[in-house]
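Chemist: Below are the sequence and a predicted model; questions follow.
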Amino acid sequence: MNGFRSLLYALARLLGDANAVKKGRVGRRVARRVTGRGAGRLLGKFFR
């Protein structure tokens, strides 16, 4: 079941990327993804 969920999340991410390319908002999407990863890592360090 966990593998199926991962597949669905990956598919959703790819569809979101395709939609961003279609609408010309790739830069925003990449910036938000980088910011989100950084915030997640920072929070992870606090809660270890």
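Modeler: Happy to help now that I have it.
Chemist: okay but residue 20 is in contact with residue 26, surely?
Modeler: Yes: using Cβ atoms under 8 Å, residue 20 is in contact with residue 26, at 5.1 Å. For every residue, glycine as well, the C-beta is placed using N, CA and C.
Chemist: where does residue 12 fall, phi/psi-wise?
Modeler: When quoted as degrees, to the nearest 10, the phi and psi of residue 12 stand at phi -60, psi -40.
Chemist: Count the residues that sit near it.
Modeler: By the criterion of other Cβ atoms under 10 Å, residue 12 has 10 neighbours.
Chemist: residue ranges of the helices in the chain, please?
Modeler: Ranges of helices within the chain are 2-23, 26-46, based on DSSP state H.
Chemist: before we move on, the earlier item: more neighbours: residue 20 and residue 26, which one.
Modeler: The neighbour comparison of residue 20 against residue 26 (other Cβ under 10 Å) goes to residue 20, with 16 against 12.
Chemist: In contact with the most centrally placed residue in the chain: list those residues for me.
Modeler: By Cα atoms, centre = their mean, the chain has its centre lying nearest to residue 33, at 5.2 Å. Residues in contact with residue 33, defined by Cβ atoms under 8 Å, 6 or more residues apart in numbering, are absent; none qualify.
Chemist: Can you tell me how far it is from residue 2?
Modeler: Distance of residue 33 to residue 2, computed by Cβ to Cβ, to the nearest Å: 22 Å.
Chemist: Likewise for residue 9?
Modeler: 11 Å.
Chemist: and if you look at residue 40?
Modeler: Counting by Cβ to Cβ, the separation of residue 40 from residue 2 is 19 Å.
Chemist: Equivalent analysis for residue 42, please.
Modeler: The value you get for residue 42 to residue 2, if Cβ to Cβ is used, is 26 Å.
Chemist: Those two - which one has more neighbours?
Modeler: Taking neighbours as other Cβ under 10 Å, residue 42 and residue 2 compare with residue 42 leading, 9 against 6.
Chemist: what's the distance between the more buried one and residue 33?
Modeler: The gap separating residue 42 from residue 33 is 15 Å, by Cβ to Cβ.
Chemist: Residue 41 now?
Modeler: Distance, residue 41 to residue 33, using Cβ to Cβ: 13 Å.
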